[in-house]
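A.B. asks: Build the 3D model from these lines:
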Amino acid sequence: MCKAISITLLRFRSIHFLFKPLLSLILDNSEIFVKPKTPVAMQQLIQQVRETLPFGVPQGYVCADECKGCSMKLLDYLDLELMAWEDRLQQGDVPGLGDIQRMAKISRKVYKVLDKNGVLS
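C.D. replies: Prediction:
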């Protein structure tokens, strides 16, 4: 919105001359935050999950003494979900906000189980 104002004011040089210090103060000190589009947000979520959870770890490390939920099966399930979304994104499918929320919810739940089982420590 500030950029549109400055473009309009550039057309009226006399007004621009009066407001130039004010415009430079507004445009320089404010950060314009644009939310990413849903495909970009889903890709960022997938990347963050892949960096956080131990997908390439051998079964002996993941399966410890006691389990409260099978960590290996949860990792396999989440890996399949992530691969499915990576394929869908490559084909040009656009996820909705509900899809992103669902993937984030599944990832949080798997993270909590892995943390309880001591896999992440």
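A.B. asks: From now on I want contacts and neighbour counts done on CA atoms only, so please keep to that.
C.D. replies: Fine.
A.B. asks: Where does pLDDT dip in the chain?
C.D. replies: The chain contains residues with pLDDT under 70 at 1-33, 64-65.
A.B. asks: can you give me the helices for it?
C.D. replies: Under the criterion DSSP state H, the chain contains helices at 2-11, 13-29, 38-52, 59-62, 71-90, 97-116.
A.B. asks: Give me the distance from the fifth one to the chain's centre.
C.D. replies: Same thing as helix 71-90. 16 Å (CA atoms, centre = their mean, to the nearest Å).
A.B. asks: what's the answer for stretch 99-109, then?
C.D. replies: Computed by CA atoms, centre = their mean, the chain-centroid distance of stretch 99-109 equals 11 Å.
A.B. asks: Can you give the domain ranges for this protein?
C.D. replies: Annotated domains of the chain cover 1-33, 38-116 [automatic domain parsing].
A.B. asks: show me the contacts for the nearest residue to residue 38 once chain neighbours are set aside.
C.D. replies: Nearest residue to residue 38 in three dimensions, chain neighbours excluded: residue 95, at 6.0 Å (CA to CA, 6 or more residues apart in numbering). For residue 95, the contact set (CA atoms under 8 Å, 6 or more residues apart in numbering) comprises 38-39, 42.
A.B. asks: Provide a PyMOL selection command restricted to the buried entries of those.
C.D. replies: Buried members of the contacts of residue 95, defined by 16 or more other CA atoms under 10 Å, are picked up in PyMOL with:
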select buried, resi 39+42
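A.B. asks: Fine by me, thanks again.
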